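K.L.:
output the structure for:
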Amino acid sequence: TRRGDSGTLCVSPAGLLWQLRPSDVEVELLAHTRDVVSRDLPAETGLHTGWVENGGLFIASNKQRLDEYKRLMSLGKVYGVESHVLTPSQTKDLYPLMNIDDLYGTLYVPKDGTMDPAGTCSTLARAATARGATVIIENCPVTGIQVRTDDFGVKRVHAVETAHGTIQTPCVVNCAGVWARALGRLAGVRVPLVAMHHAYVVTERIEGIQNMPNVRDHDASVYLRLQGDALSVGGYESNPIFWEEVSEKFAFGLFDLDWDVFMQHIEGAVNRVPVLEKTGIKSTVCGPESFTADHKPLMGEAPEVRGFFLGCGFNSAGKRELRGSCIHTWIWMRRPWAHPDIAISLPSRRFHHSLTDNNRWIRERSHESYAKNYSVVFPHDEPLAGRNVRKDPLHEELLRQGCVFQERHGWERPGWFNPGGAAPVLDYDYYGAYGRQRHGDYTYNRLLGDEYTFDFPPHHDIIKKECLTCRNALALFDMSYFGKFYLVGPEATKAADWLFSADVSKAPGTGSAPRFAGEISPQNTPSTLEALFCTGTKVSPSIPGWDGYYLAIGGAVAQHNWSHITTVLQDMKFQCKLLDCSEELGMMSIQGPLSRVVLQEVLDTDLSNEAFPFSTHKITTAAGCQVRAMRLSFVGEMGWELHVPRADCVKVYRAVMEAGAQHGITNAGYRAIDSLSIEKGYRHWHADLRPDDTPLEAGLAFTCKLKSSIPFLGREAVEAQKAKGIFRRLVCFTTEEKVPMFGLEAVWRDGKVVGHIRRADFGFAIDKTIAYGYIRDPAGGPVSLDFVKSGSYELERMGVTFPARAHTKSPFDPDNKRVKGFY
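P.N.:
Sure thing, here's the model as predicted:
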């Protein structure tokens, strides 16, 4: 290390701390940091962190932007964050120097503020030393990281080599910022971030600016941070300068400011505060900053080397998220497979190696995340950068039929189908930056733009048709982006028993049920929903004495699941291994009342209830090709999944579509799956289910083998919570008024906020808005079913409340007849 306040900290403009973000995870991280810099550190050390509570002001120049702010306001009520929507005239009263001619409105958060990054860093070091931490060795460069391979073939950190000697340690945390990639290379770890120039300027004294709130004018992509009697001005441009050759000797270095790049921020600042046009520039600061592909930090243990942890890539947010990030990195280090609750989106393991090995993907996506940092966060937005990296075997076939693809972790997956024809994703044009020609008539981008709304999107009726065709006839869903793994070996059953809370003892060909695994968190509260929310079935490996399980896992968390399972296998030393067949197999799901009629023409097996009951599978043939048929549903209909070798997917797909043509079969995408699954009450990982949720809270206790004596990861936590009672519960809500909701809406019960919505969509079969969220008792008591039923509920969307009805089970097919073939 050089010094604790080098790198980004030495050039940081602010330590701006805004309490509201379009993510409950980030709101909690920010709350942690605000508490430590404004209260905890000063109380413990007697030192000042530079915290100034002057408030924050978000500027809206149009209705969509103000709607986004209203969503933040509703979420803030859940966490006790005070905020107010102001009219232009009210904004002028608050900030007299502001130009309001083009204002639509603002969001004012009185308790936002700023901290001094360098001062906070030194105060943290003082507090750590007082608690017994070893003094940080400064100006001591790391020259190497020793990695040893253990008896099981697992690479682990052994020691750190420095210019002043070698330090033996089983654990390293890479907090090297823009130098994190170089430090990672010393251990053979890929760190997917890029370094860019990031700048701000400080003005001369401005009369009347004292005590004004900090300002973010997102539409102008500029911020104005109060700095005594002056302003710091900066922002995010569409053409940032990449730092191509990261120098090891630049810890406190600065770049020359490129005014051609930075001038757009000056223009935006002058428009918002006109007095700046006649105000001089006292100083300019342009330093290095690191950015990641999804604008989220890289945290947790690296997949390549055990004991090598990441705490980098904070995209200029490291100061305001420092305490929450530090706490959860510490939790990871103590128990790597008990992932902390608020870090579900942040693990470094979230990226597949095909992405972290792809410099084009990292560069393109990091650029786009930087350039769109201040863009409105719409529910159905998709990236334009880094596309077409991972394509499944049906990609070209579906593209010709009008498929509008979504991108998830490098995969192109079907979103919905455009009746107007093909909408291919083109090569990234960097939004016209760096002398590149912007795409002209870009159909895919135009369709995305049409959906930039917080209302029902213009393609709402198209998705409705896909959903109702599935409910009334049948639909084919390409789900090939799912992770497909085999868990095999002499102790595969022993490992599966430990990993999965559900019963895995059923004979091969049966038992495709949701499964979970977890651990008790450091606070001794149950944290039992690990990422293993998947379908699985026992299979018969060809090696005598071996057991095997085939696992199909949602593509969005497949990499996370892979890392979790392998980590548990390593730590528990189970004699088995995990094989990844995701690229070798396609997966199509045929669902609906007529699915049996159609598939009976394609599959060489009896599909009757007696011969092929729900939650079973068979190896059979389709169009002359061997397939694994699994009778499952993610949408609440009778149907089968076909798991097909990649080379045979198109042939099988065409056979199904040909047989289904006379029965009205349609292609459908994940937008339809989102609607159909929430209508049926099926849970989605990372929305309805996260590591801070438990099976009991989520209404999924039936997935736990508590009636047996078989131990499983997290069993003690589940049993303890069952005995104590649950203090929050996942509840289904519907509204009579057809109002669009997308998640983050506040839940009110009898006039008090009791939680927020995790996931929401429109249910076309019941013709209602459906939303799921966890609620608590404001009095702190258990949340029983009687508590749920006895309340009067409202859902707050963008500051407006709508009467809602609470359900203890899905209002659609509550007796679960349809998946069993009873219509």
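K.L.:
quick one, phi psi at residue 76?
P.N.:
In terms of degrees, to the nearest 10, the main-chain angles of residue 76 are phi -60, psi -30.
K.L.:
give the full set of residues in contact with it.
P.N.:
19-20, 27, 82-83, 109 (CB atoms under 8 Å, 6 or more residues apart in numbering). (C-beta placed from N, C-alpha, C; glycine too.)
K.L.:
one more pass at 7 Å, please.
P.N.:
By CB atoms under 7 Å, 6 or more residues apart in numbering, the contact list for residue 76 reads 19-20, 83.
K.L.:
ok, residue 365 next?
P.N.:
Residues counted as contacts of residue 365 (CB under 7 Å, 6+ apart) are 293-294, 383, 385-386.
K.L.:
helix, strand, or coil at it?
P.N.:
Here residue 365 is helix, with the state taken from DSSP: H, G, I helix; E, B strand; the rest coil.
K.L.:
please apply the same query to residue 69.
P.N.:
Classified using three-state DSSP, residue 69 is helix.
K.L.:
ok, and the closest non-adjacent residue to it?
P.N.:
Using CB to CB, 6 or more residues apart in numbering and skipping the chain neighbours, the partner closest in space to residue 69 is residue 107 (3.8 Å).
K.L.:
off-centre distance for the helix or strand containing the one you found?
P.N.:
Counting by DSSP states H and E, the element that carries residue 107 is strand 105-109. Mean-position distance between strand 105-109 and its chain equals 27 Å (CA atoms, centre = their mean, to the nearest Å).
K.L.:
next: stretch 735-746.
P.N.:
Put simply, stretch 735-746 sits 21 Å off its chain's centre (CA atoms, centre = their mean).
K.L.:
buried residues, it. List them.
P.N.:
735, 739-746 (16 or more other CB atoms under 10 Å).
K.L.:
cool, stretch 796-806 as well?
P.N.:
By neighbour count with 16+ other CB under 10 Å, stretch 796-806 contains the buried residues 796-798, 802, 804, 806.
K.L.:
stretch 379-388 too?
P.N.:
Those would be 379-380, 382-387, for stretch 379-388 by 16+ other CB under 10 Å.
K.L.:
that's a strand at residue 422, yeah?
P.N.:
No - read with three-state DSSP, residue 422 is coil and lies in no strand.
K.L.:
that one is in contact with residue 401, isn't it?
P.N.:
No - here residue 422 does not reach residue 401: they are 8.0 Å apart, not a contact under CB atoms under 7 Å.
K.L.:
which stretch of helix or strand covers residue 498?
P.N.:
Here residue 498 is assigned to helix 492-499, by DSSP H and E.
K.L.:
count of residues packed around residue 189?
P.N.:
Residue 189 has 26 neighbours, counted by other CB atoms under 10 Å.
K.L.:
next one: phi and psi at the residue lying closest to it once chain neighbours are set aside?
P.N.:
Residue nearest to residue 189 in three dimensions, not counting chain neighbours: residue 302, with 4.5 Å by CB to CB, 6+ apart. Residue 302 has phi and psi values of phi -70, psi 150 when expressed as degrees, to the nearest 10.
K.L.:
got the contact list for residue 302?
P.N.:
Applying CB under 7 Å, 6+ apart to residue 302 gives the contacts 189, 308, 310, 348.
K.L.:
so which of those residues comes closest to residue 405?
P.N.:
Nearest to residue 405, judged by CB to CB, of these is residue 348 at 26.1 Å.
K.L.:
which ones are touching the closest one?
P.N.:
If you count contacts by CB under 7 Å, 6+ apart, residue 348 has them with 298-300, 302, 310.
K.L.:
10 Å instead?
P.N.:
By CB atoms under 10 Å, 6 or more residues apart in numbering, the contact list for residue 348 reads 174, 184, 189-192, 292, 297-304, 308-313, 332, 356, 563.
K.L.:
ditto for residue 576
P.N.:
Residues near residue 576 by CB under 10 Å, 6+ apart: 486-496, 546-549, 569.
K.L.:
ok, residue 432 touching residue 238?
P.N.:
Yes - taking contacts as CB atoms under 10 Å, residue 432 lies within contact range of residue 238: 7.6 Å.
K.L.:
okay, the two: which has more neighbours?
P.N.:
residue 238 (17 against 12).
K.L.:
which one is that one nearest to, not counting chain neighbours?
P.N.:
residue 371 (4.6 Å).
K.L.:
from residue 198, how far off is that neighbour?
P.N.:
Distance, residue 371 to residue 198, by CB to CB, to the nearest Å: 13 Å.
K.L.:
same check, this time on residue 309
P.N.:
According to CB to CB, residue 309 and residue 198 sit 25 Å apart.
K.L.:
then residue 471?
P.N.:
Using CB to CB, one obtains 50 Å as the distance from residue 471 to residue 198.
K.L.:
who has more neighbours, the two?
P.N.:
Taking neighbours as other CB under 10 Å, residue 471 and residue 198 compare with residue 198 leading, 28 against 22.
K.L.:
count the residues that sit near the closest residue to that one other than its chain neighbours.
P.N.:
Distances taken as CB to CB, 6+ apart place residue 289 nearest to residue 198, at 3.9 Å, with adjacent residues excluded. For residue 289, the neighbour count with other CB under 10 Å is 26.
K.L.:
surely residue 289 touches residue 240?
P.N.:
Yes - in terms of CB under 10 Å, residue 289 counts as a neighbour of residue 240; the distance is 9.1 Å.
K.L.:
pull up the overlap in contacts between those two.
P.N.:
194, 196-199, 370.
K.L.:
give me the buried subset of those.
P.N.:
Of the shared contacts of residue 289 and residue 240, these count as buried by 16+ other CB under 10 Å: 194, 196-199, 370.
K.L.:
among those residues, which one sits closest to residue 823?
P.N.:
Nearest to residue 823 among these is residue 370, at 51.5 Å by CB to CB.
K.L.:
mind putting the buried residues of stretch 735-746 in CSV, distance to residue 695 and secondary structure included?
P.N.:
Formatted as CSV, those follow (distance: CB to CB, whole Å; DSSP: H, G, I helix; E, B strand; the rest coil):
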residue, distance to residue 695, secondary structure
735, 27, strand
739, 31, coil
740, 30, coil
741, 25, coil
742, 26, coil
743, 21, coil
744, 24, coil
745, 25, coil
746, 25, strand
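K.L.:
direction included, what does the helix or strand residue 644 falls within pair against?
P.N.:
Residue 644 belongs to strand 639-645 when elements are defined using DSSP H and E. Strand 639-645 has the following strand partners under DSSP bridges: strand 585-591 (antiparallel), strand 625-630 (antiparallel).
K.L.:
what average pLDDT does that strand get?
P.N.:
Averaging pLDDT along strand 639-645 gives 97.
K.L.:
same check on stretch 686-693?
P.N.:
Average pLDDT, stretch 686-693: 85.
K.L.:
please compute how far that stretch lies from its chain's middle.
P.N.:
Here stretch 686-693 is found 11 Å from its chain centre; the criterion is CA atoms, centre = their mean.
K.L.:
ok, now stretch 479-494?
P.N.:
The answer for stretch 479-494 is 24 Å, by CA atoms, centre = their mean.
K.L.:
which SSE is immediately downstream of the strand holding residue 644?
P.N.:
Per DSSP H and E, the helix or strand that comes after strand 639-645 is helix 649-660.
K.L.:
what comes up buried for that following helix?
P.N.:
If you call a residue buried by 16+ other CB under 10 Å, then helix 649-660 has these buried ones: 649, 652-653, 655-657, 659-660.
K.L.:
quick one on the thing from earlier: now, of the contacts of residue 576, which are buried?
P.N.:
In the contacts of residue 576, burial by neighbour count holds for 486-489, 491-496, 546-549, 569, counting by 16+ other CB under 10 Å.
K.L.:
tell me which two in those are the farthest apart.
P.N.:
The two members of the buried ones among the contacts of residue 576 with the most space between them (CB to CB) are 486 and 494, at 16.0 Å.
K.L.:
a markdown table for the buried ones among the shared contacts of residue 289 and residue 240, including pLDDT and secondary structure?
P.N.:
Listed next are those as a markdown table, based on pLDDT from 0 to 100; DSSP: H, G, I helix; E, B strand; the rest coil:
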| residue | pLDDT | secondary structure |
| --- | --- | --- |
| 194 | 95 | strand |
| 196 | 94 | strand |
| 197 | 94 | strand |
| 198 | 93 | strand |
| 199 | 94 | strand |
| 370 | 94 | helix |
